[in-house]
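A.B. asks: give the three-dimensional model of this entry:
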Amino acid sequence: MIGNQIGHRLDPLLHRVLKKIYGDQGDPNFFTFSGFLASLVASTLLIKGLWILGGLAILLSGFFDLLDGIVARKTGKVTVFGGFFDSVLDRYSDLFLMMGILIYYLMRNEPGMVILSSFTSVGIALVPYARARAEAAHLSCTVGLMERAERMILLSIGALFHLMGPVLWVLAVLTHLTVIHRIYHVWKQLHEETNPKSQDPNSK
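C.D. replies: You can find the predicted model right below:
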């Protein structure tokens, strides 16, 4: 939601900057992989308790994630493999970040935060999975608050301002609510397809 809105608005500006650097040779998969590497760095920093640096690395990862879409759209390099590659590495990035947070609390012997981090990880994994399963069935499923951009922003805020505990609670609740929302959204679409007359106010 946020990612799409910001990304498309910044397309012209960022594309001009990138074109001066790379010309028309920019490879969206390069930025996708760079974002993944930045998330690995962020995860390592979080494990070490270097929260501010970790938060900056999360933002860098998100920025690369923004750039890969811009390069793909502006250079006509949108491909099926590129979308697949981006989606897979995004999942790795999400879960490596959560693993870093979980290991940090595990090393500090904070079982409550370990459980919270684990529960949040499940929600973060299921949000894109619900969308992927719906789209595999040719159904739209972009509803819900906690898409990837929102999750990255919250995690970076938690790291930068030492608010990871409250952020994890917010993510734990909203990611699972997003999953529930998507389940309902898919059910509603299928219900409307199988019961078209129920949508006609003049039907008897």
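A.B. asks: contacts only, for the most centrally placed residue in the chain.
C.D. replies: What sits nearest the mean C-alpha location of the chain, by Cα atoms, centre = their mean, is Arg148, with 1.8 Å. By Cβ atoms under 8 Å, 6 or more residues apart in numbering, Arg148 lies in contact with 3, 65, 90, 94, 128. Yep, even glycine has a C-beta here, placed from its N, CA and C like the rest.
A.B. asks: point out where this protein drops to low pLDDT.
C.D. replies: Applying pLDDT under 70 to the chain flags residues 1-25, 197-204.
A.B. asks: all helices of it, in order?
C.D. replies: Using DSSP state H, the helices of the chain run over 2-22, 28-47, 51-74, 80-107, 111-136, 148-160, 164-194.
A.B. asks: which neighbouring elements make contact with the fifth one?
C.D. replies: With contacts defined as 3 or more Cβ pairs under 8 Å, 6 or more residues apart in numbering; DSSP states H and E, the packing partners of helix 111-136 are helix 80-107, helix 148-160, helix 164-194.
A.B. asks: sorry, back to before: possible to save the contacts of Arg148 as a markdown table with neighbour count and distance to Leu154?
C.D. replies: Putting the contacts of Arg148 into a markdown table (neighbours: other Cβ atoms under 10 Å; distance: Cβ to Cβ, whole Å) gives the following:
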| residue | neighbour count | distance to Leu154 |
| --- | --- | --- |
| Gly3 | 17 | 13 |
| Asp65 | 25 | 15 |
| Asp90 | 20 | 16 |
| Asp94 | 21 | 12 |
| Pro128 | 19 | 16 |
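A.B. asks: ignoring the adjacent residues along the chain, who's closest to Gly62?
C.D. replies: Using Cβ to Cβ, 6 or more residues apart in numbering and skipping the chain neighbours, the partner closest in space to Gly62 is Met152 (4.3 Å).
A.B. asks: ok, that neighbour touching Gly55?
C.D. replies: No: judged on Cβ atoms under 8 Å, Met152 makes no contact with Gly55 at a distance of 10.3 Å.
A.B. asks: with only the CA atoms kept, save stretch 132-147 in CSV.
C.D. replies: The C-alpha trace of stretch 132-147 is given here as CSV (Å, rounded to 0.1, in the frame of the first residue of the first chain):
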residue,chain,number,x,y,z
ALA,A,132,0.3,-15.6,-3.1
ARG,A,133,-2.2,-18.4,-2.6
ALA,A,134,-5.1,-16.1,-3.6
GLU,A,135,-3.3,-14.9,-6.7
ALA,A,136,-2.6,-18.5,-7.7
ALA,A,137,-6.3,-18.9,-7.7
HIS,A,138,-6.7,-15.8,-9.9
LEU,A,139,-8.1,-13.7,-7.0
SER,A,140,-7.1,-10.2,-5.9
CYS,A,141,-5.8,-10.0,-2.4
THR,A,142,-4.0,-6.7,-1.6
VAL,A,143,-6.2,-5.8,1.3
GLY,A,144,-4.9,-5.3,4.8
LEU,A,145,-2.6,-2.9,6.6
MET,A,146,0.6,-4.8,7.0
GLU,A,147,2.2,-5.2,3.6
